[in-house]
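In: only geometry, no sequence info:
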DNA sequence: GATGAATGAGCGTTCATTCAT
DNA sequence: GATGAATGAACGCTCATTCAT
């Protein structure tokens, strides 16, 4: 870990950070190599020392950017519906806390190409693990179709995000999530509780 | 309907068709006015005789594709779950029949600005009317929360579309819809059946 | 003068009028054949029945548009300075009454090509004739250098117009003309009065 | 001043020179970015490395041509009329030395928007200071209306430029300036000499 | 390894002009 | 004579990429 390698790592990191920041600020479409190197104070040629093509940076970014949002969590002695509700609300809060433009950009981004396909699977897996945890804690029966349930719930969340992007004024994603949890979640979970 | 008007209609249609085909083939991002006119053998200037901006063509395209998804329908003597399943499957079939690139384009388009906010509401209203019809036909109890149910179901459909856009290879929207109908829909509808 | 010739004349006149109006409204640069035919409700092809090229219409327009502003006038028994002052003020009033954008457009127009070279000469000739009239009326001596004086005075008017175009807020062309007449004109005319 | 910086300077200069040459040759209206880069053998993209917009090059060009027209000058023991004549002639010579197309461009440019309003004021101020210098040197009386005189003289110069632009063949700006100085200037200055 | 000037294909768009109907 | 769809060169401008220094 000589000084030079260190500098190189920093340069690379700076490019990634700057690109990330610009995408958030200006939207994915508007971010060019030019804007990245100008904002980061790094020469254009240097950019191409680290990334053979612009695409490479974008790809690397997407790996970091949409990292799995929710890790394991303590459910205490709450019942299954309450636990899942808390999970989903937290999931949606992270997204809803960003401005609508960011959410829109996110939708455009993940639906732009196959580069982000992991995102969906990671989210499903994470939610499924959470449900399995509830099964292990005997809050849900062993018969619970954990994968299908995870898929359904996450699909609902994704649907809320998309409808929010379509009509941000009419739809409050947090409130919609709460409504769903209150009125529908129980129906889905009840048989297994 | 003189020869000229006829030709004009054909020219317009050819531009739309070609654009549609190219978007499916190459992806929304890569389709330019140049590529459209070159592929259709029409002069660039002619393009702008029909569409003031490239955007206008795109808009018209997505309108055609995703417009008027569901009209009224005869439910015969099917029960509520079966009827709703048929409705949702038809809804999704229209979308899934388009290629993934067109669905992506649609997602990008409706989430791009506030211009399409009606889309969501129209879909919800349409589905709600369908549920109300089932209530009138005594297939669902009068207590059915028709609006909330419509919202939930449509949100699920939108979520499926979005997850399909994210990972088209892993997800088959029709199959996912059927799975949802089979395994979850009953839970949601049962209390009111 | 059959009906057909009459219609043809009207069509031609309408094109000229519309073009003139649009140039005043939108500025010379922004007026296209398209905008002219759209605004006049005449088909594009018809335009080219009357004018072989767009230039032809512009040329014809310039002949009408910048016609000699001032004809002969009664000077009554006013002295030379008063008469000339009235003449110059009227000249400038015609111009200043138009909006600054029109004046700017005029400047751009007359300085754009050689097509308007007559304009300057016509104005000088007109003013010279006026001065000669004053000589004939014995309000100025026969030694008055009528052409040079006309040139100098008109040049001053043109200079005022140009400076007005450059800084419309700081300069009031009418007031500047009056100031010139009050403070400087006498000096130029006195020797011959 | 490495080789690279040197080359860059040359590239920039070449673009400016070529543009200048083309404007003189073909007229302001007909010069496009394309024609400039083609004539200079420089890539189009390079043009935009140096000038953010085409306008910027035009602006820089006109700044070079018409900037800093007159600095302070030694009047020796010439009388006022001679000194002012020399001043005005030099002013006009700078302009007349450019080709007519460049003068036209200048006129169009300064009259295009409010961005150049200073130009007029700077010229007036400069000329006024020169007249004040003549007053201090006792070549003009203290009663001389220095500002009004400066305005009148400069207006005359601007008028000559404009009339030159309108009819370049009939009018020689230098000769017209000399004529004005010989025949009219004395009348304006005499009372204060 | 860092630099930034140079590149040129490509973009969306405008517009005067032609010509079959 | 009137029509308006069709044309295609030209416009100003963007941008990912290359390469000599």
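Out: Cool, got the structure. For clarity, every value in this text was computed on a predicted model and none was experimentally measured.
In: Neighbours of residue A:177, how many?
Out: Residue A:177 has 24 neighbouring residues, counting by other CB atoms under 10 Å in any protein chain shown. For every residue, glycine as well, the C-beta is placed using N, CA and C.
In: before we move on, what about the one 3 residues further on?
Out: Burial measure for residue A:180: 24 neighbouring residues, criterion other CB under 10 Å.
In: so what's it up against?
Out: Applying CB atoms under 8 Å, 6 or more residues apart in numbering or on different chains to residue A:180 gives the contacts A:88, A:156, A:160, B:152, B:155.
In: Out of those residues, list just those in helices.
Out: Among those, the residues falling in helices (DSSP state H) are A:88, A:156, A:160, B:152, B:155.
In: Residue of chain A nearest chain B, please.
Out: Minimum separation of chain A from chain B (CB to the nearest CB) falls at residue A:159, amounting to 3.0 Å.
In: Name the nearest residue to that residue, ignoring sequence neighbours.
Out: Spatial nearest neighbour of residue A:159, excluding adjacent residues (CB to CB, 6 or more residues apart in numbering or on different chains): residue B:159 at 3.0 Å.
In: show me the contacts for that neighbour.
Out: With CB under 8 Å, 6+ apart, residue B:159 has these contacts: A:154, A:155, A:156, A:157, A:158, A:159, A:160, A:162.
In: is the lowest-mean-pLDDT helix or strand in chain A anywhere near DNA strand F?
Out: In chain A, the helix or strand scored least confidently by mean pLDDT, DSSP states H and E is helix A:100-110, which has a mean of 72. No: Helix A:100-110 stays clear of DNA strand F (CB under 7 Å from any atom of the strand), getting no nearer than 14.8 Å.
In: quick one: which of the contacts of residue A:180 is most hemmed in?
Out: That'd be residue A:160 among those, by other CB under 10 Å, with 29 neighbours.
In: Report whether the expected contact of that one with residue A:171 is present.
Out: Yes: taking contacts as CB atoms under 8 Å, residue A:160 lies within contact range of residue A:171: 7.5 Å.
In: Please work out which residues outside the lengthiest helix in chain A touch it.
Out: Longest helix of chain A, by residue count under DSSP H: helix A:3-26. Helix A:3-26 is contacted by residues A:31, A:35-37, A:39-40, A:42, A:46-47, A:50-51, A:57-58, A:60-61, A:64-65, A:102, A:105, A:109 when judged by CB under 8 Å, 6+ apart.
In: ok, and which of the residues you listed reach DNA strand E?
Out: The residues of the contacts of helix A:3-26 that also fall near DNA strand E, by CB under 7 Å from any atom of the strand, are A:42, A:46, A:50.
In: Mind checking which of these land in helices?
Out: Of the positions in those, A:46, A:50 sit in helices, assigned by DSSP H.
In: and the one residue in chain A that gets nearest to chain C, how many neighbours?
Out: Of all residues in chain A, residue A:30 sits closest to chain C, with a separation of 28.6 Å (CB to the nearest CB). By the measure other CB under 10 Å, the count of residues near residue A:30 is 10.
In: Read off the pLDDT value for it.
Out: pLDDT for residue A:30: 82.
In: How about residue A:3?
Out: 57.
In: what's around whichever residue of chain A sits closest to chain D, how many residues?
Out: The minimum distance from chain A to chain D, using CB to the nearest CB, falls at residue A:34 (10.4 Å). By the criterion of other CB under 10 Å, residue A:34 has 10 neighbours.
In: which bits of chain A sit near DNA strand F?
Out: Those residues of chain A that sit near DNA strand F, judged by CB under 7 Å from any atom of the strand, are A:30, A:32, A:33, A:34, A:44, A:45, A:47, A:48, A:53, A:54, A:55.
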